[in-house]
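**Student:** Here is a sequence with its predicted model. Questions after.
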Amino acid sequence: MIRKSIIIGGVEIRPGERKTFDIAVARLYTHTDMTIPITVIHGVEEGPTLFICAAIHGDEIQGVEIIRRLLKLENLKNIKGTLIAIPVVNVFGFINQTRYSPDRRDLNRFFPGTDSGSLTSQLAKLFMEEIIEKCTHGIDLHTGSNHRTNLPQIRAYLDDPETEKLAKAFGAPVILDANLLGGSLRQAVKDIGIPVLLYEAGEVLRFDEVSIQAGINGILAVMSEIKMMQLDQHTESTITPLIAHSSTWVRAPISGILRNKIELGQSVSENEILGVVSDPFGDDEENVIAGASGIIIGQLKLPLVYKGDAVFHIAKFDSKSAAKNTIEAFRQEFEPET
Ligand SMILES: [Zn+2]
């Protein structure tokens with residue numbers, strides 16, 4: 001039996017076709033049409049429909065590069081099912097190099113959106129209707145925000161066995177069994193029963209090679225897991241991710257200038273000194289103390305802090321040695337030897 005075409009944004013993509021086109025969003029006040037670019041690969045054979053999207057936060061550009069490189073891969077030609085890639089969801093924010101929409105809203109708090117709400121809410125609704133509701137699986141690509149960088153990690157709702165399977169297959173060193181955020185794409189997608197992963201790695205407006213490679217490999221591993229393609233054995237990940245069921249932020253004890261004493265991915269113990277905050281003369285000084293044992297999965301890179309600013313993000317783990325081994329295995333797989 002011949003597979004049916006898929007129609008997105010009024011464009012028909014037939015079985016065996018690959019198309020790149022634009023979905024109309026709204027006009028700019030210059031009379032210019034604003035559109036979301038999208039690539040659809042509609043396989044000849046039946047299979048899952050996977051969306052991969054990036055830059056819901058317009059300054060989180062690393063996922064755009066992950067998708068660009070992914071779409072260059074030869075073995076996408078023979079996929080089973082359908083791949084829908086949306087490298088820039090928040091086109092307005094991307095152009096302005098900012099997290100937000102032009103109406104200063106965070107798109108990732110407005111899903112599933114409404115027809116009659118703000119521009120941001122209407123964009124969310126359009127995205128859900130035209131793309132997400134036609135999918136069976138999804139991966140949403142993000143980075144740290146606001147001068148923070150993240151260790152490659154998957155955030156997922158592990159109560160769902162299918163989601164858990166995909167999260168493990170992705171092969172990032174850490175899975176955070178994270179609570180869902182109201183209005184987030186991840187929440188809206190889960191609500192309509194579609195397993196979805198959120199990949200967090202790196203920082204805004206920058207590329208980080210390890211995060212990009214780990215992202216591409218992770219997506220391919222998920223595609224293999226849901227039988228859209230077969231991976232060569234040597235590209236299969238050897239990482240068994242660490243699963244954290246909770247995490248905590250360590251905050252600056254005083255306002256001042258921060259000196260970090262540890263790196264992303266390092267294992268730390270409760271009460272360990274992670275950094276020092278001092279005034280410009282070094283007179284007034286206080287240590288930043290770990291509130292829990294675990295791995296540093298996020299870190300502030302801007303050394304200027306106010307009291308209470310979130311400085312280190314710790315994923316909580318009991319076993320320090322297991323955590324250390326996993327991070328080392330990940331580094332060996334992805335970091336070039338020096
Ligand atoms: Zn984000």
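**Tutor:** Good, I have the coordinates.

**Student:** Give me the phi and psi for the closest residue in space to residue 112 that isn't next to it in sequence.
**Tutor:** Distances taken as C-beta to C-beta, 6 or more residues apart in numbering put residue 188 closest to residue 112, at 4.2 Å, once the chain neighbours are dropped. Where you see a C-beta, it was placed from the backbone N, CA and C, and this is true even at glycine. Recorded main-chain torsions at residue 188 are phi -60, psi -40, according to degrees, to the nearest 10.

**Student:** Report the mean per-residue pLDDT for the longest helix anywhere in the chain.
**Tutor:** Of all the elements of type helix in the chain, the one with the most residues (DSSP state H) is helix 209-225. On average, the pLDDT along helix 209-225 is 96.

**Student:** Name the residues of that helix that come out as buried.
**Tutor:** 210-225 (16 or more other C-beta atoms under 10 Å).

**Student:** Could you do stretch 5-17 as well?
**Tutor:** 6, 8, 9, 13.

**Student:** Same question for stretch 157-166.
**Tutor:** Neighbour-count burial for stretch 157-166 [16+ other C-beta under 10 Å]: 157, 158, 160, 163, 164, 166.

**Student:** what separates that stretch from the chain centre, distance-wise?
**Tutor:** 16 Å (C-alpha atoms, centre = their mean, to the nearest Å).

**Student:** what sits up against it?
**Tutor:** Stretch 157-166 is contacted by residues 137, 156, 167, 175, 177-178, 180, 186, 190, 195-197, 222, 225-226, 243 when judged by C-beta atoms under 8 Å, 6 or more residues apart in numbering.

**Student:** how about 7 Å then?
**Tutor:** 156, 167, 177, 180, 190, 195, 197, 222, 225 (C-beta atoms under 7 Å, 6 or more residues apart in numbering).

**Student:** Same question for stretch 100-109.
**Tutor:** 56-57, 90, 92-93, 99, 118-120, 123-124, 183-185.

**Student:** Separate out the buried members of those.
**Tutor:** 56-57, 90, 92-93, 99, 119-120, 123-124, 183-185.

**Student:** about what we covered before: redo the buried residues of stretch 157-166 as CSV? Include distance to the ion and secondary structure.
**Tutor:** Listed next are those as CSV, based on distance: C-beta to the ion, whole Å; DSSP: H, G, I helix; E, B strand; the rest coil:
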residue, distance to the ion, secondary structure
157, 17, coil
158, 20, coil
160, 22, coil
163, 19, helix
164, 22, helix
166, 19, helix
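
**Student:** Out of the residues you listed, which comes closest to residue 52?
**Tutor:** If you rank these by distance to residue 52 using C-beta to C-beta, residue 166 comes first, at 12.4 Å.

**Student:** Next, the contact list for the residue nearest to the closest one when sequence neighbours are not counted, please.
**Tutor:** The shortest distance from residue 166 to any non-neighbouring residue, by C-beta to C-beta, 6+ apart, is to residue 222 (5.2 Å). By C-beta under 7 Å, 6+ apart, the contact set of residue 222 is 139, 166, 169, 170.

**Student:** Just the ones of the residues you listed in helices?
**Tutor:** Using DSSP H, the contacts of residue 222 in helices are 166, 169, 170.

**Student:** and the last one, how many neighbours?
**Tutor:** Counted with other C-beta atoms under 10 Å, the neighbours of residue 170 add up to 27.

**Student:** So this protein: which segments form each domain?
**Tutor:** The chain breaks down by automatic domain parsing into domains covering 6-242, 246-334.

**Student:** Go through the ones you listed and pick out the most buried.
**Tutor:** Across those, averaging neighbours per residue (mean count of other C-beta atoms under 10 Å) puts domain 6-242 on top, at a mean of 19.

**Student:** That domain: how far from the chain's middle?
**Tutor:** 8 Å.

**Student:** What segments of the stretch 51-200 of the chain are strands?
**Tutor:** 82-86, 137-142, 148-155, 174-176, 196-202 (DSSP state E, counting those that start in this stretch).

**Student:** Format those as TSV; extra columns: mean pLDDT and distance to residue 299.
**Tutor:** Shown next, in TSV, are the strands of the stretch 51-200 of the chain (pLDDT from 0 to 100; distance: least, C-beta to C-beta, whole Å):
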stretch	mean pLDDT	distance to residue 299
strand 82-86	98	29
strand 137-142	98	16
strand 148-155	97	6
strand 174-176	95	14
strand 196-202	97	12
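
**Student:** Relative to the ion, how far out is residue 3?
**Tutor:** With distances taken as C-beta to the ion, to the nearest Å, residue 3 is found 34 Å from the ion.

**Student:** pLDDT below threshold where in the stretch 151-300 of the chain?
**Tutor:** 233-235 (pLDDT under 70).

**Student:** Would you mind listing what in the stretch 101-250 of the chain touches the ion?
**Tutor:** Counting by C-beta under 5 Å from the ion, the residues of the stretch 101-250 of the chain close to the ion are residue 142.
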